[in-house]
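the following comprises the amino acid sequence and a computationally predicted model.
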There are 2 protein chains.
Amino acid sequence: MPLTANDPSRKSWLNVPKDSDFPIQNIPFGVFITKDDVVTIGTRIGDYAIDLGALQQLNYFEGIELTDDMFMQDTLNDFISDGKKTWRLVRNRIADLFDVTNNELKDNEEHKAVVIFNMEDVEMQLPVLIGDYTDFYSSREHATNVGIMFRDPENALLPNWLHLPVGYHGRSSTIVPSGIPVHRPYGQTLPPGAEKPVYGPSKLVDFELEMAFITTDANVMGEQIPVEEAEEHIFGMVLFNDWSARDIQKWEYVPLGPFLAKNFASSMSPWIVTLDALESFRTQGPSQNDPQPLEYLQQEGAHAFDIKLQVAIEPENGEETVISNSNFKYMYWSMAQQLAHHTVNGCRINSGDLMGSGTISGPTPDSFGSMLELTWGGKNPITLKDGTERKFINDGDSVIMRGYCENDEVRIGFGEVCSKLLAPYKK
Amino acid sequence: MPLTANDPSRKSWLNVPKDSDFPIQNIPFGVFITKDDVVTIGTRIGDYAIDLGALQQLNYFEGIELTDDMFMQDTLNDFISDGKKTWRLVRNRIADLFDVTNNELKDNEEHKAVVIFNMEDVEMQLPVLIGDYTDFYSSREHATNVGIMFRDPENALLPNWLHLPVGYHGRSSTIVPSGIPVHRPYGQTLPPGAEKPVYGPSKLVDFELEMAFITTDANVMGEQIPVEEAEEHIFGMVLFNDWSARDIQKWEYVPLGPFLAKNFASSMSPWIVTLDALESFRTQGPSQNDPQPLEYLQQEGAHAFDIKLQVAIEPENGEETVISNSNFKYMYWSMAQQLAHHTVNGCRINSGDLMGSGTISGPTPDSFGSMLELTWGGKNPITLKDGTERKFINDGDSVIMRGYCENDEVRIGFGEVCSKLLAPYKK
């Protein structure tokens, strides 16, 4: 029997450094520009970027039903549209092709020269054209922390929170890939004690540690996606920094929710790691017995994923300091529940839609997923390695998020999403 | 001097019925499918649909810089991207071509046969690929009514409302053109007095009378659009029915705003009427002296538009009853202020983004823009012509919204957005 793509004993003929997020068992999907200014869909093994457009032109996907230019595109949307069966066939083919026992490409220097690039020689792009972006609010610890700070410590969770995955719509136009810097936003705020709002740059710029999943086109308008089928429609996951301006948010968000406090930027990691690659890292999510959710949200089995997450701040020209260690498994609502809830009203889901988890906070103060929580609203500043303190994010700081799964046999990671906060925009 | 496109003395050699929304002074833009299954960009005069793709192929746009297939597309996004100068050149050319004094096309039977269709022989499509959809909440009367009903009659307007155009993100994937029916959504609600939520079809489906404007790509990320330049980036306007499920909304909307209560469907009129065509109908908006907005929102001149609006309900197989007469001029915040506010934080605006006004309610009870307000939460049902009562919208009802501007010389209208509420979706 041939090895599956996930088989931990598989090795690649491409060198994979120790502790790489990208062993041959990962095979994430992304879009990059080569040195020759060619845009292509690709994957990554170790520190090599692999041009799937070139592989397709060289007939390495023969036998898999794909449109001729499937991988010679600047987004993954069409490939994602093809559905899980195709994703698996392609992933398996790539795994076989780069397996240490396979000489087909390994011994073809001419082909290798046009297929394999050093990661440092390519420029990662946004991997999908994001139609709609939804952000959930599914970490119980995060919702509780925010409820304590902004509303009522006695009733920190609002009445609906344990009954449904609270979510809201975000803005797609300002989602950028890792590496693109972000300006501190201007906006309207009500200073403490003031009677009238003022205009100026936000003083409280924050990150939100999130993950996001990317969907395929799953339903027609009106049709629901049952919770037990939902994972079939999830292509994969990325790390996601949902930049937030807390002072703008506080003033604007009643009664219709956050708007300009969020839509100036969100940053995502460029490689989409498929759910298939994460299969070995399924785990039980938090208990949902008190209360039990309504039937359309009830799930059997393990639908959380054990993904270790880390946030670091790197000041301009300085050394980075890790400020939080969290885990995706803390999420109260699973991705399948989020997608089932999103479509319970018949809302149409398209290929390339992105759904954020909401801030992922763990149970302990060093696992919180935002400065708001880590410094408890600025009351307990964090000291960085260079001795400077942070209540929120300073101009020049880079925020770096990393995530990976690991067991005794294999490590599957997401790489990182890193973005620098710039001073307010000047023309 | 040649006549401008707006000149009220202009007449077309195409017949325009009395009280038509589409005289030669209008020249809206849309997308339709012809009987031969050709998708094309078009305009409308009287009850004729005009194929701009065919006109372009026949060289009627010679001298205007356009890509070769500008009008042979299934969305207006690329044309909108070309900017106001191009929109004007094209609109003026169309006005001249169909002017009663111009025989160029009028006398060419062969060309007319491939350019001009009866409206009843074409099928209107969504005119743009909507990237992001934002909904504002800019009618003071509506926000006050909702505040009285749901919060505190003494403090109906929240503290931020008079300082900024409150807005939030909506879902693009479920915006449909007039004529597409909509299913009553399922969802989670908390029945009055209940302790636990229940699942089932919404019992309180409502319309929201809105208008929406469509933008061109206006800025890079980080860059603001000043209020005085904002109208340059607005292509045109449509009628917009932002379907709402009030019972779902009430349970889900804290703290992040409406989500599934709104994203099951929004319906829009298919012809985009340009701001240029509405120029004669500018009027002064409500006074903004108490309080004055911050400087970035301050405007000189007339930035409201006098657009008469009407809502009717037509029961299945029944006669329609007009249930509300409102006007777009009641909006407290102008479109220019909305766009300036939306970009004050550097949020990127793309070609084809759609921004809804929020429910447009006038000062009197018969000018309210939703059943929620017209029946005051169901307390005062409306009696239709057939003798049946409505608290909200019934399965089988069509909701029809119409809008037009009129002075002594010309009437510029939007046609209608009509959509029928179907029973809950069944597979």
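Now that the structure is in, tell me what you want to look at. Residues are numbered from 1 along each chain as shown, chains lettered A, B, ... in the order given.

below-threshold pLDDT in the stretch 301-427 of chain A: ranges please.
By pLDDT under 70, the stretch 301-427 of chain A has no low-scoring segment.

and what of chain A?
A:1-2.

state which one residue of it is found closest to chain B.
residue A:257 (2.6 Å; CB to the nearest CB). Bear in mind the C-beta positions are built from the backbone N, C-alpha and C, glycine included.

can you give me the helices for chain A?
Per DSSP state H, chain A carries helices over the ranges A:52-57, A:77-81, A:84-97, A:109-115, A:140-150, A:246-252, A:335-342, A:371-374.

let me know the outermost residue of chain A.
residue A:195 (39.3 Å; CA atoms, centre = their mean).

so which bits of the stretch 51-200 of chain A are right by chain B?
Residues of the stretch 51-200 of chain A lying close to chain B (CB under 8 Å from any CB of the partner chain) are A:131-132, A:134, A:137, A:151, A:158-160, A:163-164, A:166-174, A:176, A:183, A:185-188, A:190, A:196-199.

just to revisit the earlier point, is it true that the residue of chain A closest to chain B touches residue B:252?
No: between residue A:257 and residue B:252 there is no contact, the gap being 10.9 Å when judged by CB atoms under 8 Å.

common neighbours of these two, please.
residue B:258 (CB atoms under 8 Å, 6 or more residues apart in numbering or on different chains).

near chain B, which residues of the stretch 301-427 of chain A show up?
A:341, A:342, A:344, A:345, A:346, A:347, A:348, A:349, A:350, A:353, A:425, A:427.

how much space separates the fourth one from residue B:424?
In this case it means residue A:345. Per CB to CB, to the nearest Å, residue A:345 is found 10 Å from residue B:424.

in contact with residue A:65: list those residues for me.
residue A:86.

tell me the phi and psi of the residue farthest from the centre of chain A?
The phi/psi pair for residue A:195 (degrees, to the nearest 10) reads phi -100, psi -30.

OK, contacts around it?
No residues are in contact with residue A:195 under the rule CB under 8 Å, 6+ apart.

repeat that for the one 10 residues further on.
Neighbouring residues of residue A:205 by CB under 8 Å, 6+ apart: A:184, A:185, A:243, A:244, A:245, A:246, A:392, A:393, A:421.

now the fifth one, nearest residue through space, not along the chain?
This points to residue A:245. Spatial nearest neighbour of residue A:245, excluding adjacent residues (CB to CB, 6 or more residues apart in numbering or on different chains): residue A:202 at 3.7 Å.

for residue A:377, see how far away the one you found is.
Residue A:202 is 15 Å from residue A:377, by CB to CB.

between the two, which has more neighbouring residues?
Ranked by neighbour count (other CB atoms under 10 Å in any protein chain shown), residue A:202 and residue A:377 place residue A:202 first, with 25 against 17.

quick one, what contacts that one?
With contacts taken as CB under 8 Å, 6+ apart, residue A:202 has the following neighbours: A:184, A:185, A:186, A:187, A:189, A:245, A:246, A:247, A:248, A:261, B:345.

give me the neighbour count for residue A:287.
If we define neighbours as other CB under 10 Å, then residue A:287 has 8 of them.

typo on my end, residue A:203
Going by other CB under 10 Å, the residues that sit close to residue A:203 add up to 15.

equivalent analysis for the one 3 residues further on, please.
When neighbours are defined as other CB under 10 Å, residue A:206 has 25 of them.

follow-up on the earlier one: quick one: which of the residues of the stretch 301-427 of chain A next to chain B is nearest residue A:42?
residue A:353 (21.9 Å; CB to CB).

thinking the closest one is in contact with residue A:214, fair?
Yes: using CB under 8 Å, residue A:353 is in contact with residue A:214, at 7.1 Å.

of these two, who's got more company?
Remark: of residue A:353 and residue A:214, residue A:353 carries more neighbours, 30 against 24, as counted by other CB under 10 Å.

okay, the residues of the stretch 301-427 of chain A next to chain B in JSON lines with distance to residue B:318 next?
Output for these, formatted as JSON lines (distance: CB to CB, whole Å):
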{"residue": "A:341", "distance to residue B:318": "36"}
{"residue": "A:342", "distance to residue B:318": "35"}
{"residue": "A:344", "distance to residue B:318": "31"}
{"residue": "A:345", "distance to residue B:318": "27"}
{"residue": "A:346", "distance to residue B:318": "26"}
{"residue": "A:347", "distance to residue B:318": "30"}
{"residue": "A:348", "distance to residue B:318": "30"}
{"residue": "A:349", "distance to residue B:318": "35"}
{"residue": "A:350", "distance to residue B:318": "36"}
{"residue": "A:353", "distance to residue B:318": "38"}
{"residue": "A:425", "distance to residue B:318": "56"}
{"residue": "A:427", "distance to residue B:318": "57"}
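
widest-spaced pair of those residues?
Going by CB to CB, the pair spanning those furthest: A:344 and A:427, at 45.4 Å.

compare those two and say which one has the larger neighbour count.
Neighbour tally, residue A:344 and residue A:427, criterion other CB under 10 Å: the higher count belongs to residue A:344, 24 against 5.

and the more buried one, what are its phi and psi?
Main-chain torsions, residue A:344, degrees, to the nearest 10: phi -60, psi -30.

pretty sure it sits against residue B:189.
No: Residue A:344 sits out of contact with residue B:189 when judged by CB under 8 Å, with a separation of 11.4 Å.

how about the strands in the stretch 51-200 of chain A?
Assigned by DSSP state E, counting those that start in this stretch, the strands in the stretch 51-200 of chain A fall at A:116-118, A:123-124, A:133-136, A:167-169, A:175-177, A:182-183, A:186-189, A:198-201.

I meant to write the stretch 251-400 of chain A there.
With DSSP E, counting those that start in this stretch as the criterion, the stretch 251-400 of chain A has strands spanning A:266-268, A:273-274, A:282-283, A:304-305, A:308-314, A:321-327, A:354-356, A:382-383, A:389-390, A:398-406.

show me what the second one is packed against.
Spelled out, that is strand A:273-274. strand A:234-241, strand A:411-422 (3 or more CB pairs under 8 Å, 6 or more residues apart in numbering or on different chains; DSSP states H and E).

which of the ones you listed sits most buried?
strand A:234-241 (a mean of 26; mean count of other CB atoms under 10 Å in any protein chain shown).

quick one, it and strand A:308-314 angle?
30 degrees (axes from the mean of the first three to the mean of the last three CA atoms, to 10 degrees).

show me what strand A:234-241 is packed up against.
Judged by 3+ CB pairs under 8 Å, 6+ apart, strand A:234-241 is in contact with strand A:209-215, strand A:266-268, strand A:273-274, helix A:335-342, strand A:398-406, strand A:411-422.

CA atoms only: put the fourth one into CSV for me.
It stands for helix A:335-342. Provided in CSV are the C-alpha atoms of helix A:335-342 (Å, rounded to 0.1, in the frame of the first residue of the first chain):
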residue,chain,number,x,y,z
MET,A,335,-14.9,25.7,13.0
ALA,A,336,-17.6,23.2,12.0
GLN,A,337,-20.0,24.8,14.5
GLN,A,338,-19.1,28.2,13.2
LEU,A,339,-19.8,27.3,9.6
ALA,A,340,-23.0,25.4,10.5
HIS,A,341,-24.2,28.5,12.4
HIS,A,342,-23.1,30.9,9.6
